[in-house]
Each structure stands twice: as C-alpha cells, then as structure tokens.
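Asker: only the shape, not the letters, is given here:
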C-alpha cells in the first residue's frame, strides 16, 4: 500500500487529489507534512502523466522544502535521490526538472542550520554524485563554491569539519581537473589547519583517496610535503591515520619517491612512541611493501580476474638475462666492501711499518660501516635531539672499536664487526639476556693488574678495555633504547675478549721468547711484535679445534703453563664458543639481503614474528604478518625467497591457530609464486603439517587442495593419495561443511590422478561420503561418484568402470534404507545427464536396476525414479529412436508410475520437462 494512498479516497472532502495533496502538504499538523514528504516518490509517479500537474507538484515540493520543522525537511531530503533517479528515467518528459527545482534544494540544505538536515543533504549529494546525476556545471558553479566557503579558515568549526569530510568523499567521484583546480588547494590548507585536529585527522584518513584522484604529478608536487607534516603531527591519531592509508599514498607515487622518501617516513612511523601508531604501521607494512612489486622482477603478473599467472616465456628470458646479473653485481660489490682483511690475504713487508697495516685498514672499514649503520638507524628517530645524541654515541662507539681492532685482529670478531649489514641491528642481535659476570670481570681485572708488572712490553689491550668501558658508561644513560642495548651487547663481548687477551699476554710473551715458533712473521718494531703475538693467539683461539690442539701442543712442549693460565684460556674458549653459537645467524642474515625493496622495510617485516612485538605492539601482529606474506613474496620474487623462508616457517609453527589458518588459506598462492622446485622443498613440509592440524587450519588447506596439488610433480602428488582419507575424520562430527568441501575438491582432484589411483584410493572416500548423515554432503558426493565413473570411461578403463557400477548397484540399489535406493536413482539420472558413459553400457548395466525401483515401497524413491525417466532418460535421442528395444520397458515403467497411488509420483511421471521449466519460471 502506498504511503499517500489516502489522497485517492473519493468523497473525502470533495477535493481533487492534487488539491488534497496541497492541503496536507501545508497542514498545521506536522505529521501530515511528514507523510507527504515521505511519499513524494509515489506522488510524482501518479502525476507524471500530466505535465501541468507535474509542475504543480514540483512547486509544492519547493514550498515544502522551506518548512520550519527540521523533521519535515529531513524526510524531504531523504526522498530526493530516488526522485532524481525517477526523473532520470523519465527525462524525455521532464529534461530539466531536477536541475531547476531539486538541485537548488540540495545545495541549500548543505548550509542548513539544523545538523540532521545537513547530514541528510550531504548523504543525498554523495548519492547523486555516485549515480552521476549532477551536471558538471552544477558541481563547479554551485556545489564546490559552497564547500569552499564552509571550509574557509574563518568558517564555523562544525561546518568546516563537515565540509572537509564531504570534500574528501566526493573527490573520487569528480574529474581529475575539477579536483586539482578547485578542491586540491583548499585540501592542502586544511592539512595544515592548526586550530582543529579533527580537520587534520579527516584529511589524513582520506589522504590516499585524494592522491588517487589527482594523480602522480600533483601528489609528488603538492601532497607529499603535506603528508610528511601529518606523519609528524603531535596528535597520535593523525600519525595512525597516515599509517593506515600509507599503501594508497605509495601506490600513486613513482618508484624513486617511494624508495627515497616514503620508506624512511614509514620507518619513523614503525618506531613511533605511541603503541597505536606502531600497531597501524605494522598492519600496513605488508601492503606498503607490495607497492614495490614489479612483474619484470617477480616473474609473475596478476590477471584481470585476480589470479596469479607466470609471465610469458619471452619476457622470462629477458628478465633472466638482466635480473640475476644485477643481483650478482650488487652482492659482489657489497661483499668486497665488507670483506675483512683476514679473507683478503695481504703481505705485510718490513718497510711498510709507517704505512697502514691490515689492522688499521680493518679499523677504518669498521668505523665506516658503523657510521653508515648509525646513519641508517637515524631514520628510525623522529626527534632531532635523539639524532644528535645517537650520532655522538656512534662516534664514541666507533672510537672504542678502533682501539679493539688495532689490538685484536682475529677473523671471527673482525668479520662480525666489519659487516655494514650486521653491526648494531636490533633484529640480528636479538638474543636472550647475557648472564651476570660482574664478579668474573673483577677477578680478571685483578689478575690483569697482577701480571702487568711482569710483562716486558705493555699490552695495548688494557688501553682498549678502558676505552670500551668509557663507551659503555656513556651508553648507560640510553640503555632503554633497543639500538643502544644491541651496541652494549657487542661492546661487552669485545671488552671480555680484550680482558681475556690481556690476562694471557704475559704468558704469551714468555711463550714467544722461549719457543720462538711464533716469529715466522716479519715485523719491524717491538710493538708490532707484541701486537702480532696477541693477534696470533686470538687467531688460534678462534680457529678450528684442530688448530687449537696444535697451538696448545706447541705451548706445552716449549714451556709448562700455570694452572691459572690454563683455566683462563679454557674459559676463553668456552666463552668464544658460546659467542659463536649465539652469533651463528650472522652468516645466515647476510642471505636476507636483496635489492627489490629497502632493506630496513624487510628487516622490520621479518621482526613481526618476534615474540617481543606481540607484547609491545599488537597481540595479533603475527597474523598480520602471515596475511600479507604472499604479497611480500610476490614483491620480492622467487629469487629472494630465502629472505622469507625462516619467517614463514616461524609463522607456520606459531602457537596461535589463527596465524596458521591464515597461512593455510594462502599456501596455494604462495606455491604459484615460488614455483614447483621451491614448493617441493619448502612448502610441502609445512603443507603436511597443516594436514594434521586443527580443523580450523585444515579447512584452509582443503578449500584450495586442488590448486596446491596441481602445482606438484606427479610423483610428489601421488604421496597425498593416502592422506586424503584423513580429511574424512574431523574434530567435530557436526562440521559437515568440512566434508562437503572435501567432496567438491575431490571432483576437481580427479583429473590429477590416473584411473587406477582413483579406483584404489578416491573411490573409497567417495562411497564413505555418500553414506554421510547430512543430506547436503550426500548429494554432492553423488556428483563425485558420477565424476569418478566419467573418469574411468573417459580414459578407456572400462573394467574399472564396470567394477564400480557393480559396487554401486550392490551398495545403493539393494540398500536396506530407502535413502540409498533414492541415491541410486539420482546417480543414474546424473549419469545420463552428464553422458559420462556409453549409452549401451548404461542400458546394459544400470537401466534394469533403475527400472526395478518402480515397485519400491517408499514413495520418495518412486518420485525420483519418475523424475529420472520423464525429465532426463526419455528426453535423450537414443530412447526416442523408433525400434529401440529398451524404449518399451521405459514406457511401461512410466505408465505404471502415472497410475501410482501416490499423487506426487503420478504428477512427476506425467508432467514433461518443458512444463516443469515453465512452472519454475512462473514461480
């Protein structure tokens, strides 16, 4: 019933419907005016046939829009969009009615004094713009000027907030020229509004939409500087909004701007002091990394339907000829830059004593790498004061390391200190806290002072220890900083090594004087001899076990050591062994280098699996990492999978089932990205683990089981035949959708295996599902049985097909339950519809058993038999041919069913397929 049906009641007051409309539209009763405003669409439809009446109604609407009651104006504005759509459909009759009468009402309501009316006007305007019902001239001459006035600096705060909100929302619906010339300058002003943080927050939340609306050139020229301001805003809500829209902003910039400007900016958001900002930044980290994706380097591209596909071979050849060479060049250059002198043999001649020695070269390399690392670490800071303090700390640290490297030139420490990618990185140096060894250090210091006087040549390691201690004391003020903690750990290790070396320096000197076996090096002065001796001892300490035994044997034959000295060196070996075990990932971390995205972004992404992140950032940060991992892997390409392998394995073994479930749902996409070789090596073991996981995790694997198995080699794929039976058993028997999904996947999986494997393994699963307690599972399983039968005959495995048919007859046709016999009728009908087996085989092996169901005592079985015969079997050309010996038997069964005592059976046996289709269409 129409809302305004009371206007059509005859004899009410001897007024025409139009006069009655005008009477109620301007009644003193507010409810009457509301009813008229709410039913305007029906009114326009009733009076659209007469142009004069239509214009009269339009004038009534204009007068009604000036009603003093806000609820009436709100009801009227809510009806404007449907009325505009109706007028658009009736445009040949009233081409200018909307622009002349209704559009001015919408514009006027944007400045209405009532908040509810303004909200209704804004929503109506957005709907009209979305439906493309507003002319470009009205946008530029009526709408935009009003919004610019409302968002002016001297405008009312409430109006300004609403205006900037509508500007941001309508930007994506307007042309790029209109947005760039009319709205973009005002938007840039609003981003710097210092009066209302609500205005800046709306700008930050919609920044990505504005960038997408104006394009790359305007974004980089005007919007990126404003984005930097918002990312450093004092209000954390602004920074959080910027982190949430970071991917959209990055998508509209060039690769150079994305790498050089946005990446350091994003790092500052990740290291923000506010937890909520860091949480939003980490959630956007994966999507931001995905904006670096390049099909030419990843080897894949995304089709229009959203699926991944391998690039054409011609493009692969071109990319393979360019991309690996770039990687080799970058890796080799970085290796040469960080290669310690112990790996680059240098011959030290006596006349080069005044020149730089290898230890000094190592020290310079270490200092340069430390400074580079400090400069990279400064991108994490948002406070300029912290930058200055950290740079001074880095200088002091570098000064201390110079002293250490001058006196301790053993390969293990040098290789770790001199790598620019390894020094002072919180992710690489993360480990459990070191034990308290303060008492041991005091004892060692006492022994060092005791042996100091007996040494003929003063050991420079004491000086190095003092320098390192001074650096450590200066760092204590900033011990809460994770970067400083990593620096303290490294310097503590260097301090202990220097102290151990200083204790054994006197014994080493006596060894060198008495045995003379360590004088094979050509050194010019006495100080160099002492340094070389200390270096040789530490080299032997860090060398292999065999080298250690040789040195210890030589020392034993030349001069007996004291018990204290033996204990000290034994403690040194144990300490260094522990250090090597703790720092064993350093060599592995070098393999995480790549040149696709900025390395700090990848390091931060890899750190999302750190348990400390869950406590300091977000408890579900691992889930966000797992969700975006396929996008990151696509960006890096399969050639850089080694960077993500450890992270993926960590996520796959996460204690939260939601994390594992996320990986299970995307493992097939990751397999496409990695290819068959990496999939078999790295994903298959994880896939096997998911198969034995909780049902919540297994369902992710099951939904894309076919997509994953088809990527494997045939021999590897065959190993899963027996494991497919495990899907039948679930943790909760009521989870019938799990078994339903299994049946759907098995229909697809049939093409991956040969008929013998299908008969030996999948046939049993299909028959088990056909006996499921849930009807939906049984019906989809019947289709699976038909698909198996089609597989046999399509591959000329007639013997297997015949055996399977005989099993179906025994299991279903002669089933004691009527559900089984009904299933047999459905299977036979599906076999005929799909034509999955030759007709002569069907009429010989299945048709007699099917027709025998006509005498079944259960009407439901006979109903399905009637449907199979009338709607499917008798419609085939084979049974329509004259003289067919099987046609007579089928017609006799139909006649018997038509006279059945059950009305439903006789109905379906009489009606034809075309009539059923017509009835379904009528319904």
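Answerer: Sure, I can see it. Keep in mind that this is a model prediction, so the values were computed, not measured.

Asker: please make it C-alpha for all contacts and neighbour counts, starting now.
Answerer: Noted.

Asker: where do the strands sit along the stretch 201-350 of the chain?
Answerer: Taking DSSP state E, counting those that start in this stretch as the criterion, the stretch 201-350 of the chain carries its strands at 300-302, 308-310.

Asker: give me the number of neighbouring residues for the nearest residue to residue 41 once chain neighbours are set aside.
Answerer: Counting by C-alpha to C-alpha, 6 or more residues apart in numbering, residue 41 lies nearest to residue 83, which is 5.7 Å off, once chain neighbours are set aside. Neighbourhood size, residue 83 [other C-alpha atoms under 10 Å]: 18.

Asker: ok, now residue 277?
Answerer: Look at residue 277: counted by other C-alpha under 10 Å, it has 24 neighbours.

Asker: repeat that for the one 3 residues further on.
Answerer: For residue 280, the number of neighbouring residues by other C-alpha under 10 Å comes to 23.

Asker: looking at it, it is touching residue 237, isn't it?
Answerer: No. Taking C-alpha atoms under 8 Å as the definition, residue 280 is not a contact partner of residue 237, at 10.4 Å.

Asker: low-scoring stretches of the stretch 401-550 of the chain, by residue?
Answerer: By pLDDT under 70, the weakly predicted segments of the stretch 401-550 of the chain are 401-468, 470-471, 474-475, 477-478, 480-491, 493-550.

Asker: repeat that with 50
Answerer: 401-431, 450-461, 503-550 (pLDDT under 50).

Asker: same deal with the chain?
Answerer: 1, 313-431, 450-461, 503-587, 913-923.

Asker: ok so, going back, other SSEs contacting the helix or strand hosting the residue nearest to residue 41?
Answerer: Counting by DSSP states H and E, the element that carries residue 83 is helix 70-89. Where contact means 3 or more C-alpha pairs under 8 Å, 6 or more residues apart in numbering; DSSP states H and E, helix 70-89 is packed against helix 30-38, helix 40-46, helix 51-64, helix 115-130.

Asker: closest one to residue 700 among the ones you listed?
Answerer: Judged by C-alpha to C-alpha, the one of those that comes nearest to residue 700 is helix 115-130, at 37.1 Å.

Asker: and that closest one, what's buried?
Answerer: Neighbour counts using 16 or more other C-alpha atoms under 10 Å place 115, 117-129 of helix 115-130 among the buried residues.

Asker: may I see those residues organised as JSON lines, with distance to residue 828 added?
Answerer: Listed next are the buried residues of helix 115-130 as JSON lines, based on distance: C-alpha to C-alpha, whole Å:
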{"residue": "115", "distance to residue 828": "67"}
{"residue": "117", "distance to residue 828": "65"}
{"residue": "118", "distance to residue 828": "65"}
{"residue": "119", "distance to residue 828": "62"}
{"residue": "120", "distance to residue 828": "60"}
{"residue": "121", "distance to residue 828": "62"}
{"residue": "122", "distance to residue 828": "61"}
{"residue": "123", "distance to residue 828": "57"}
{"residue": "124", "distance to residue 828": "57"}
{"residue": "125", "distance to residue 828": "59"}
{"residue": "126", "distance to residue 828": "56"}
{"residue": "127", "distance to residue 828": "53"}
{"residue": "128", "distance to residue 828": "55"}
{"residue": "129", "distance to residue 828": "56"}
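
Asker: let me know the closest of these to residue 72.
Answerer: Using C-alpha to C-alpha, the buried residues of helix 115-130 come closest to residue 72 at residue 117, 9.2 Å.
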